[in-house]
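In: Next input, structure requested:
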Amino acid sequence: MNKKILVIPAVFIIIVLVLSFNQVDKKSNNVVFHITLADPDLYKNGIYSNTFTVNKGNYLFKFVPNGDSPQSLIILLKGENYNFSENFKLKGTLHQTGISEYYTWDYDGQKTVSIPIQQMITIEINPNGNELGPVSVDVVEN
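Out: Take a look at the predicted model:
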């Protein structure tokens, strides 16, 4: 009887973990653009540029910054029927746990965009001179 009591919660935990990993995989499949900017060679005249295709729909910018990331990122999206520009500002949030302090980082700005039709989009990312500050930028289907 005691073995059944231990096995049932273990099976439940395994099922929850499998479903959680499956959700993460589904979300990562919605990435339409990704770049990790950590090398000055990725920039031409201080600006990173690339193109990708998007369908009609809503999209979200996601960032993986840290304290050394550019203080601001100007991101432009240009398409046949679309123009978007935003100056994202790096913001640190202090967390205090009683035994330690640490920061988490994110960019403030308009993170959602709506694309009216399927089209090729050119993305330009300007780190305002901080080409050494690492940051990852994703555009994901929302």
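
In: use CA for all of it now, contacts and neighbours both
Out: Noted.

In: got the residue ranges for the helices in this structure?
Out: Along the chain, the stretches classed as helices by DSSP state H are 2-28.

In: Pull the contacting residues for K56.
Out: The neighbours of K56, taking C-alpha atoms under 8 Å, 6 or more residues apart in numbering as the test, are 114-119.

In: Also E86?
Out: Counting by C-alpha under 8 Å, 6+ apart, E86 touches 74-76, 109-110.

In: in the sheet, who's paired with it?
Out: I75 (DSSP bridges).

In: what do you get for Y103?
Out: Under DSSP bridges, the beta-bridge partners of Y103 are L94.

In: Correct me if wrong: it contacts G92.
Out: Yes - if you go by C-alpha atoms under 8 Å, Y103 and G92 touch, sitting 5.9 Å apart.

In: Among these two, which residue is more densely surrounded?
Out: Under the criterion of other C-alpha atoms under 10 Å, the comparison of Y103 against G92 puts G92 first, with 15 against 12.

In: now the strands for this structure?
Out: 31-37, 48-54, 57-65, 72-79, 82-96, 101-108, 112-115, 119-126, 135-141 (DSSP state E).

In: List only those of the contacts of K56 flagged as buried.
Out: Neighbour-count burial (16 or more other C-alpha atoms under 10 Å) is assigned, among the contacts of K56, to 115, 119.

In: want to try TSV for the contacts of K56, with pLDDT as columns?
Out: Listed next are the contacts of K56 as TSV, based on pLDDT from 0 to 100:
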residue	pLDDT
S114	96
I115	96
P116	95
I117	95
Q118	96
Q119	96
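
In: Closest one to D39 out of the contacts of K56, please.
Out: The shortest separation between D39 and any of the contacts of K56 is 28.6 Å, and it belongs to Q119 (by C-alpha to C-alpha).

In: This completes my enquiry, with thanks.
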